[in-house]
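Peer 1: here is my input; please provide its structure:
(4 chains)
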2 protein chains.
Amino acid sequence: MKRNSRFSLALHALAHIAAMAPTRPLTSGDIASHSGTNAVVVRRTLGALREHGLVTSEKGHAGGWRLTRPPEEITLADVYQALGERFLRLEVEGDENPPTCKIEIALLGQVDSALNDAEALLVSRLGKTTIAKLI
Amino acid sequence: MKRNSRFSLALHALAHIAAMAPTRPLTSGDIASHSGTNAVVVRRTLGALREHGLVTSEKGHAGGWRLTRPPEEITLADVYQALGERFLRLEVEGDENPPTCKIEIALLGQVDSALNDAEALLVSRLGKTTIAKLI
DNA sequence: AAATATGTAACTACGATAGTTACATTATAG
DNA sequence: CTATAATGTAACTATCGTAGTTACATATTT
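Peer 2: This next block holds a predicted model:
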């Protein structure tokens, strides 16, 4: 198994859908076997992209997955954000125990700021490559 | 529990060691109770920093942890790197199954390049803050 | 009606990490 | 020189996130 394969799975799937483009839609089974994973996992992942308008799916015979836009108009950043990914984040239980120690607050502020800058750069870099360029 | 708390635990610990500086060394028990974690976890984390020359530890009565350099000379990037952290990395089992699909190779190349740039920015930003500034 | 898709819930498997227990080792105080 | 208090470390448990799996309902086409 692999951690955080959603992003690369999604990109891989989109690229193959684009490559197969006008011929026929790709089924989750096709994509799964090509990516070495499971059809349900593919449907879950692409389902998130569908909710953000990047792909459509059709049920039944000759159904499958298609892009909603030409692959030149889908960037890697679109996919990253559609999946709700956030690679850079300090996982420090900021939920139930808000930090009280002044040092910890200062620390989190400094680190958060650095993480946000790096995350912004990441998205900006991903925004410069499209699915079309992967083919 | 929290994921990836090593980095913030390490920073928190160093800052408190620095704040307590000339008085006495801090024990792993002190640090653990202040950070809401366990003394063994603290020793493990600070042990990694000791291997990179950031702190020393003394056993026995009146033992504990001290900085090896003034806190003005320890940056957050030093800590990040001493822990071997790499927040930005595509965890895509690149080990046993090297990708053969051309699309996947292109994809990994593009994404890796973006991740490396963002990681470099992160380290650079962390290098601009010192432990002293947290106090 | 049969075949072939997706949609989705529920469960299992696995790995990473933190936390815990236990004990050996070392150093200091008195 | 013994009691105390610290680190060092191995071994184990607990928890959580994610992928993978099974099963079945639903929809669509032939």
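Peer 1: which element is the spatially closest residue to A:Ile103 that is not a sequence neighbour on?
Peer 2: Distances taken as CB to CB, 6 or more residues apart in numbering or on different chains place B:Ala15 nearest to A:Ile103, at 4.6 Å, with adjacent residues excluded. Placement of C-beta: from N, CA and C, glycine included. Remark: B:Ala15 resides in helix B:6-19, with elements defined by DSSP states H and E.
Peer 1: export only the CA atoms of whatever helix or strand comes next after that helix, formatted as CSV.
Peer 2: Next in sequence after helix B:6-19, counting helices and strands by DSSP H and E, comes helix B:28-35. The C-alpha atoms that make up helix B:28-35 are tabulated as CSV, following Å, rounded to 0.1, in the frame of the first residue of the first chain:
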residue,chain,number,x,y,z
SER,B,28,12.8,14.8,29.8
GLY,B,29,10.2,14.6,32.5
ASP,B,30,9.9,18.4,32.8
ILE,B,31,9.6,18.8,29.0
ALA,B,32,7.1,15.9,28.7
SER,B,33,4.8,17.3,31.3
HIS,B,34,5.0,20.8,29.8
SER,B,35,4.3,19.5,26.3
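Peer 1: before we move on, back to that, my guess is the residue nearest to A:Ile103 meets B:Leu134, correct?
Peer 2: Yes: B:Ala15 lies in contact with B:Leu134 (CB atoms under 8 Å); the separation is 4.4 Å.
Peer 1: quick one: low-confidence parts of chain A?
Peer 2: Per-residue confidence for chain A (pLDDT under 70) gives these ranges: A:1-3, A:92-97.
Peer 1: what about the strands in it?
Peer 2: Secondary structure of chain A (DSSP state E): strands at A:55-58, A:64-67.
Peer 1: nearest to B:Arg6, out of those?
Peer 2: strand A:55-58 (37.9 Å; CB to CB).
Peer 1: next up, the contacts around the residue nearest to A:Ile103.
Peer 2: A:103, A:106-107, B:71, B:131, B:134-135 (CB atoms under 8 Å, 6 or more residues apart in numbering or on different chains).
Peer 1: may I see the residues you listed organised as CSV, with neighbour count and distance to A:Asp78 added?
Peer 2: Formatted as CSV, the contacts of B:Ala15 follow (neighbours: other CB atoms under 10 Å in any protein chain shown; distance: CB to CB, whole Å):
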residue, neighbour count, distance to A:Asp78
A:Ile103, 20, 39
A:Ala106, 17, 36
A:Leu107, 25, 33
B:Pro71, 18, 43
B:Ile131, 27, 39
B:Leu134, 25, 37
B:Ile135, 14, 42
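Peer 1: quick one: stretch A:21-30 near DNA strand C?
Peer 2: Yes: contact between stretch A:21-30 and DNA strand C is present through A:27-29 (criterion: CB under 7 Å from any atom of the strand).
Peer 1: residues near the residue of chain A found nearest DNA strand D, how many?
Peer 2: Residue nearest to DNA strand D within chain A: A:Gly60 (2.5 Å; CB to the nearest atom of the strand). A total of 6 residues lie near A:Gly60 under the criterion other CB atoms under 10 Å in any protein chain shown.
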